[in-house]
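J.: just to be clear, the model below is a prediction. Sequence and coordinates:
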Amino acid sequence: MNLIKILTYSLFFWMQFSVFDQETPTLKPTIGKEYNFEEKKQIWSTCEALFTDSAVWENYDDETKDDLINKCSALGYSEACEDMWSIVCGDDWTDEGYNINHLDNTTAFCKVSSALEPQNGNYYDYASISDLSYGTAWVEGVKGYGIGEYIEFNFPPQHPRITTIKIANGYIKDKTTWKNNSRVKQLKVCVNNIEFAILELKDVYAEQIFEIPTIGYEITYRGITKDGKSYYKYRDEKGNQFKSYNKEIESGDTIRFEILSVYPGDNYDDTVITEIYFDGLDVY
């Protein structure tokens with residue numbers, strides 16, 4: 001009997017040690033296209049002239065007109081785009097209406113540990129980190145490189161499953177500003193206060209795309225109990241279906257990005273992230 005107890009306790013402690021001994025996975029990005037805003041500025045200016053002054057068309061032959069129309073279309077120029085910095089334009093389009101609908105200090109979809117005070121009409125707080133604009137950015141607001149500062153997203157219950165994180169690292173509105181300010185080298189990602197992954201960012205002037213294990217569950221059924229309470233049936237990644245009144249699941253998911261290390265800027269300690277947004281399944 002004593003031997004059985006010893007073996008049982010040994011197995012228990014071995015399992016506990018194995019759990020705590022597991023390392024947080026380190027993820028490396030796929031690098032997207034290099035940012036080329038100078039060229040976009042020139043094309044945007046031309047497109048704006050073409051579509052606001054019909055007389056401008058007289059300066060071009062038919063072949064040139066067709067070429068310009070194609071370039072404007074590729075850029076995403078239309079009344080739906082606020083300006084050439086909007087990432088919903090052209091090849092940079094992504095369905096982030098879900099993010100924007102929750103981006104305010106009432107629903108607290110996004111919050112930050114600190115932010116640089118506004119300067120010269122520029123704002124660097126939580127609203128700049130997921131506003132679909134490459135012209136704005138979050139800048140941490142503490143002395144030094146901002147190690148330990150974080151950005152946190154709070155996803156409500158039954159949010160779309162998240163499989164991809166996309167990051168515009170640094171202050172990317174132009175390459176000089178990008179070099180002058182610090183960029184993130186490593187981000188620790190925690191999901192619901194549990195370490196999830198370490199993101200190893202490259203020091204490149206381009207979008208960085210991380211494929212991650214799925215966050216969230218597929219909703220297979222929505223129902224109402226006899227007493228009028230809503231409930232859901234879910235399916236996990238293994239295909240198992242389950243019905244849940246689980247408070248943790250029904251409270252949504254919190255994803256935190258914490259700065260672990262940086263690439264120092266040429267002139268400023270301030271560490272900057274222009275944009276973090278998400279892709280995945282369901283409504284995306």
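T.: Right, received. Where do you want to start?
J.: helices along the stretch 1-150 of the chain, start to end?
T.: 2-21, 37-52, 62-75, 97-101 (DSSP state H, counting those that start in this stretch).
J.: elements contacting the helix or strand where Val184 lies?
T.: Here Val184, judged by DSSP states H and E, is contained in strand 183-191. Other helices and strands packing on strand 183-191, by 3 or more Cβ pairs under 8 Å, 6 or more residues apart in numbering; DSSP states H and E, are strand 162-169, strand 194-200, strand 253-263. Quick note: C-beta positions are derived from backbone N, CA and C, even for glycine.
J.: how does it look with 7 Å?
T.: Applying 3 or more Cβ pairs under 7 Å, 6 or more residues apart in numbering; DSSP states H and E, we find strand 183-191 packed against strand 194-200, strand 253-263.
J.: quick one: closest of those to Ser86.
T.: Closest to Ser86 of those, according to Cβ to Cβ: strand 253-263, at 22.6 Å.
J.: parallel or antiparallel, list what pairs with the closest one.
T.: Sheet pairing of strand 253-263 (DSSP bridges) gives strand 150-155 (antiparallel), strand 183-191 (antiparallel).
J.: ok so, going back, tell me which of the helices and strands packed on strand 183-191 lies nearest to Glu152.
T.: strand 253-263 (4.5 Å).
J.: buried residues in the closest one, which are they?
T.: By neighbour count on 16 or more other Cβ atoms under 10 Å, the buried set for strand 253-263 is Asp253, Ile255, Arg256, Phe257, Glu258, Ile259, Val262, Tyr263.
J.: what about the strands in the stretch 101-250 of the chain?
T.: Per DSSP state E, counting those that start in this stretch, the stretch 101-250 of the chain carries strands over the ranges 110-112, 138-139, 150-155, 162-169, 183-191, 194-200, 206-215, 218-224, 230-235, 241-244.
J.: verify the stated contact: Thr177 with Arg183.
T.: No - the criterion here is Cβ atoms under 7 Å, and Thr177 misses it with Arg183 at 11.2 Å.
J.: who has more neighbours out of these two?
T.: Neighbour count, other Cβ atoms under 10 Å: between Thr177 and Arg183, Arg183 has more, with 23 against 16.
J.: appreciated, that's everything.
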